[in-house]
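**Student:** need a structure here:
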Amino acid sequence: MDFWEAIEKRHSVRSFNANLDVAPEVIKRILSAAILAPSAGNCQPWHFIVVRDLAVKKRLAEAAWGQRFLAEAPVVIVVCAEPARSAARYGLRGSQLYCLQDTAAATEHILLTATALGLGSCWVGAFDEKAAAQALQLPDRLRPVAMVPIGYPLRPTDRQTTRRGLNEVVTYV
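**Tutor:** Residues are numbered from 1 along each chain as shown. Here you go, the predicted structure:
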């Protein structure tokens, strides 16, 4: 799939084919794309937790206020920020903003790569950070920022979503 096709086809998938697993090599390819994302000062303040354990996925779904599809996906990648990595170079702005921007860029790489590989995914940002961190037994240095369930879609993925037009969202000065 070419770049533009991946962008145009990417959408949130919340129903996965329970009979199809995602091979470790595929997850490695997705993560390899994630670490190519840009980051402020090349600090790369990210850490990825690959979750396949059903009990942990269920705890993540609970942390995400009952979004059960997290537990139904074969794999959930939890994208974490390591604020201290950005703070070392940029101080407070690094720890409060840049590390979040950087992990957001890595998350988008995950979503687009999953789409390009024929997988479905969904960016989940609505969750209790403390509960997610406890479910993963994260060290204090890591902050969970996004959860991305990944799997083969249960239904065809040619669904289109509407977007606001450029005339609504762009200002030229």
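
**Student:** measure how buried residue 17 is and give me the count.
**Tutor:** Neighbour count of residue 17, defined by other CB atoms under 10 Å: 14. All C-beta atoms are positioned from the backbone trio N, CA, C, and that covers glycine.

**Student:** use 28 as the first number from now on
**Tutor:** All set: I'll call the first residue 28, so the last point we hit is now residue 44.

**Student:** would you agree it is in contact with residue 182?
**Tutor:** No - using CB atoms under 8 Å, residue 44 makes no contact with residue 182, being 9.2 Å away.

**Student:** for this structure, what's the longest strand?
**Tutor:** strand 170-178 (DSSP state E).

**Student:** how far does that strand sit from its chain's centre?
**Tutor:** Offset of strand 170-178 from its chain centre (CA atoms, centre = their mean, to the nearest Å): 4 Å.

**Student:** stretch 143-158 too?
**Tutor:** 5 Å.

**Student:** who's in contact with residue 151?
**Tutor:** By CB atoms under 8 Å, 6 or more residues apart in numbering, residue 151 lies in contact with 91, 94, 97, 173, 174, 175, 176.

**Student:** how near is the fourth one to residue 31?
**Tutor:** The one in question is residue 173. Residue 173 sits 24 Å away from residue 31, going by CB to CB, to the nearest Å.

**Student:** for those two, indicate the residue with more neighbours.
**Tutor:** Taking other CB under 10 Å, residue 173 and residue 31 do not tie; residue 173 has more neighbours (22 against 8).

**Student:** beta partners of that one?
**Tutor:** Assessed by DSSP bridges, residue 173 has beta-bridge partners residue 106.

**Student:** quick check, pLDDT for it.
**Tutor:** Confidence at residue 173, expressed as pLDDT, is 98.

**Student:** so it sits against residue 103, correct?
**Tutor:** No - proximity of residue 173 to residue 103 does not meet the contact threshold set by CB under 8 Å, at 10.3 Å.
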